Structures are given as C-alpha cells and as structure tokens.
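> Take this sequence and fold it.
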Amino acid sequence: MPKHILLIIIALSITACNTAQPSPTRATPTTEIATTAPTDPPIATAAVMPSTPTALTPERGQEQNILLIIADDYGIDRMGLYNPGRTDLPPTPTLDALAAQGVLFENAWSAPICSPTRATMLTGRYGFRTNIGWRVYDGQPGIRLDEFTLPMALDAGSNNAYAHANIGKWHLSDAANGDADNPNQMGYDHYSGILQGGVQDYSAWREVTNGTSQLTNSYATTKFVDDSLTWIEAQHATDTPWFLWLAFNAPHTPFHLPPADLHSFDNLSGTTADIEANPNAYYAAMVEAMDTEIGRLLDSMPPAERAQTTVIFIGDNGTARQVIDPNYNRQQAKGSLHSGGIHVPLLISGAAITAPGRREPALVNSVDIYATVLDLAGIEMHSVLPSDTTVDAVSMLPYITNTAHNAPRTFIWSERFNTDLEPRNNVPPGITIRNAQYKLVQFDDATEFFYDLTTDKYEANNLLEAELDAPQTAAYCALQSEIITLYASADGATVPTLPDRCLAAN
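Sure thing, here's the model as predicted:
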C-alpha cells in the first residue's frame, strides 16, 4: 500500500465547531513546552521537545498521513518562532511544539493575498499560469476547471488509494466554475467550509458542505476542527491513507473576542470600541484560539495515527495592515509585494522528519506544497502530470529528511495582477523575485525597488536610488534574466527584455 499522508493545511480562519469533541482550555495544556518567545529560538531548546523523542516516530511498515494547515493573514512578524525574545506576540504552544518536532523554514514566500496562494498550492503553478493573481471577488475569475489539482495527482499516482478532503476557507470559486460545487469539481472527495474570503460574524455564517449551504452558529475555528475530526474518524473504517487540507480563516478580520476557553486574554471586553482601540490584542487572541484548536485536533488522534502523521503549517499571506509589525510601512502589509505581504511562516513536523528541531534558511515557495505532498505520498510528480502541464513546484522533501542535496531553488517568486478588476482598488500590478541576498520588485508602471536583504530586513533602502556597484548590478541583472526565463515558459506571455543597465554590463 502507498504511504498514508495526512496533510492538514491550516489556513488561519476561524470556523465554528459543532461536533462532540470539547474545546480545550489554555489552563490544561497536554504538552510541556517553552513559552512562545524565549530568548533562544524555541525549536532549539530542550523544553519544547517531546518528553519521549521516539513517541511520534512511526514503526517500520506503517503508513504516513499528511495534514496541511493554512493560516489566514499570518505573517512571520506576528509569530514568536520567528521573533525570539519578544513577549508581545500571540502565544502558540501547539505550533511551538510542532516546530520542536520538525523543520522551521525561514525564507518562505506566498502570494500577497488569499486566492493566489491557494491556487499555487492546489496546482503547483504560479499565478501567471493559472490566471489567479488577486482575490476571487466580483469580476475576478476563479480557478479554471481544466487545472490538474493536488487531489487529482494523488488519485493518479496512488490508483485512487488516498481519501482526501478540503475543510475551511476555499476562495477559488465563481459562477463560471461550479460555484458551491467547485471544491468537489477540483477533485476533493469531501468539502465543508466557506467559499468566500471570510465571514462577517465568526459565530453566524453559512457553511457549504459538498455543494449544500446552511446557516451555522458554531464558532468558525472550532467548527473547522470538528468537521476535520469527523472526517478523519470516518476514514478509520476503511483504513485508507488520507490527505486533509484544513484552511482556517483566522486571524482574518473581523477582529473579535474568541470563546474564553480558547485563549488567555482575560482583560478584553469584546466591545466594538475596545476592538478598534486594541486590534493587536484581539488578533493575538484569535491566533491563540486557532493554536488551541490545532492542539485539540492533534490530541484527539489515536497515538498510532498521530505517529503516522506529517503536519505542514503555512500562512497564506502576510499580516493585515491594522496589526502589521510597526517596523513595516502599513503599505507593506498583506496585499503588498514587500516582505510584510509575502514572507510567511512555514513549518513541517511529524512522522517524515529526520533530525527535528532544525531551522532551514533555504528559499521555498507556497507553490512547493504541491510537489512536497506528492513526494511524501511516494508519488513522483512528473510521472502523473498531463503532458501539456507546466508546474513550478519543487519538493521540500530533502529538507524534511535532512539529506544531502544541491539547493533546488536559486530564487523565489511572487506576483499580483488583475487588481484593476476589483472595484475601488488602486493597487498596481507587479512582480517580485529574490535570491539568497537580493530582492527585486517591479510594478507595471515601471517603478522598481531593489533591496539587499542581508542588511535591510524591512526593505527601507532602495538601492536603485543610487548607482549600483558591480556585484549589485550582477545580481540585479541575474534576477532580470530569471524573470525573462519564467515568462518565456508561459504560453502567450509578454516576455520582457533586459534593461539597458544589464545590456551595458554585458
């Protein structure tokens, strides 16, 4: 039998729960861990390691599950794992413990907004190939029905051996691609969650289950976990491997006060005035509530099943401008091609990990989720792809297993386009690309930014405002060449030419 893959994508979305599993309280944690932001990085401290190091190691011959978890509007600036020493960030003991048992990726990029990132993970393709360059909204096209998606690839590579489900925020459907039926039409056996980008009230919203919509008053974050547990338990009867994409819409707006048993912020009143005056505290409470529910999900699994599970956690884009780290300009938050909009948390933990507790500086992209899941399932991606399909995904498995390899990526990429299709939107289209040291941002209006990320973490010094030296010019032109190569691989794309400064340098 093929490997079990439990892939839970937890997208930070809050979804109410109406299953029988009780929500845990912060007063009774099940795993002894360090605080979210110790002086040293949490994953490097013994305090966050499991008490029995082999407890989460599957026995030889057992199958591995994959759980992919996606958080909504959660950049690295708001996560203690990426900011050791800070005490003003949301407590995330569950994620801290997962990092201690896994690999934390320090240089992961996504798209700057919800829908494009989800499309990259679903198809393994950049937005300029799928035509998803901004949020699916009035007039903004949804995912095309002819895309070869991750669940389709799992079916093709395993002879339909994997059960798969998508639970939580979808944000890829429109009237032309099946609307409420779109998640199922894109290959998922089961779907339940919200089709749109968010909810107006986390405790009063419409849940779509396999095309049928009904009102629910369950807290959204809890409901998504309840639905996940119900679906996982149903797989026990068939003893089949499974893949679960779990996408929270937390901590996406509206900011609010979660149920008291999910967080430790006892001093919040929950009034509109208090939320407007203290958005960071409510955002933090929402993140902690999500972390609590992730813990409940993992703790509810039978020990043998948990031991066979690999968990992937990723943010879908950067932090919202209302709560972005003040070191960033508010215009460099979610929706932006600057770091605050696309530099996201990514960790992989559990059964597949060799040498846990590592930090990985390699360049990785949300598009790589596609190839990584297939690799974890024992499926060679290119063996199942249609002959006319170009993918951009690169597997992260060498980093997971800590095996010797050449760096599979020398650059990472992000983009936004079709922004003019959204009413009242004045966000210019553009692209960005980086290598290990330098980052280039280009907008369609010919505005450019060029940064040295080793000395300019918050992207405040545009090197193009002065004369570039020889190494800077070489890096700038190398990134320009990568852009040309990328666009040349896309049917119908307008391929740019090298700028004059690069022609002169040659």
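> And the residue nearest to Leu297 when sequence neighbours are not counted, what's its pLDDT?
Distances taken as Cβ to Cβ, 6 or more residues apart in numbering place Val225 nearest to Leu297, at 4.9 Å, with adjacent residues excluded. Quick note: C-beta positions are derived from backbone N, CA and C, even for glycine. Val225 carries a pLDDT value of 98.
> repeat for Tyr188
pLDDT, read off for Tyr188, is 98.
> Please report how far the nearest residue to Pro279 once chain neighbours are set aside lies from Asn462.
Closest residue in space to Pro279, ignoring its immediate chain neighbours: Gln322 at 4.9 Å, by Cβ to Cβ, 6+ apart. According to Cβ to Cβ, to the nearest Å, Gln322 and Asn462 sit 26 Å apart.
> Check Asp226 too.
For Asp226, the distance to Asn462 - Cβ to Cβ - is 48 Å.
> same deal with Phe443?
For Phe443, the distance to Asn462 - Cβ to Cβ - is 13 Å.
> cool, Ala475 as well?
14 Å.
> quick one, which of those two is more surrounded?
It is Ala475, of Ala475 and Asn462, that has more neighbours when counted by other Cβ atoms under 10 Å, with 21 against 14.
> got any ranges where the stretch 101-250 of the chain has weak pLDDT?
Along the stretch 101-250 of the chain, no part satisfies pLDDT under 70.
> show me where it has strands.
102-109, 163-169, 190-194, 205-209, 212-216, 242-247 (DSSP state E, counting those that start in this stretch).
> Out of those, the one nearest Ala333 is which?
Closest to Ala333 of those is strand 102-109 (Cβ to Cβ; 15.0 Å).
> give the contact list for the nearest residue to Thr212 once chain neighbours are set aside.
Of all residues not flanking Thr212 in the chain, Ala180 sits nearest, at 7.5 Å (Cβ to Cβ, 6+ apart). The contact partners of Ala180, taken as Cβ atoms under 8 Å, 6 or more residues apart in numbering, are Ser173, Leu195, Val208, Gly211, Thr212, Ser213.
> Let me know how buried the closest residue to Ile324 other than its chain neighbours is, in neighbour terms.
Once flanking residues are discounted, Ile324 sits nearest to Ala333: 4.0 Å by Cβ to Cβ, 6+ apart. For Ala333, the neighbour count with other Cβ under 10 Å is 25.
> Let me know the next secondary structure element after the helix ranked longest in the chain.
Longest helix of the chain, by residue count under DSSP state H: helix 279-299. Sequence-wise, the next helix or strand downstream of helix 279-299 (DSSP states H and E) is helix 303-307.
> what's the angle between the helix or strand just after that next one and helix 279-299?
Using DSSP H and E, the helix or strand that follows helix 303-307 in sequence is strand 309-315. Here strand 309-315 points in a direction 170 degrees away from that of helix 279-299 (axes from the mean of the first three to the mean of the last three Cα atoms, to 10 degrees).
> tell me which strands and helices strand 309-315 is in contact with?
Applying 3 or more Cβ pairs under 8 Å, 6 or more residues apart in numbering; DSSP states H and E, one finds that strand 309-315 contacts strand 65-71, helix 93-100, helix 279-299, strand 346-350, helix 368-376.
> can you tell me the average pLDDT over it?
97.
> by how many degrees do it and helix 368-376 diverge?
170 degrees.
> what angle sits between strand 309-315 and strand 242-247?
20 degrees.
> Put the alpha carbons of whichever helix or strand comes after strand 309-315 into CSV.
For strand 309-315, the following helix or strand on the C-terminal side (DSSP H and E) is helix 339-342. Extracted C-alpha coordinates of helix 339-342, given in CSV (Å, rounded to 0.1, in the frame of the first residue of the first chain):
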residue,chain,number,x,y,z
SER,A,339,8.2,41.4,2.8
GLY,A,340,5.3,42.2,5.1
GLY,A,341,2.9,40.9,2.4
ILE,A,342,4.5,37.7,1.3
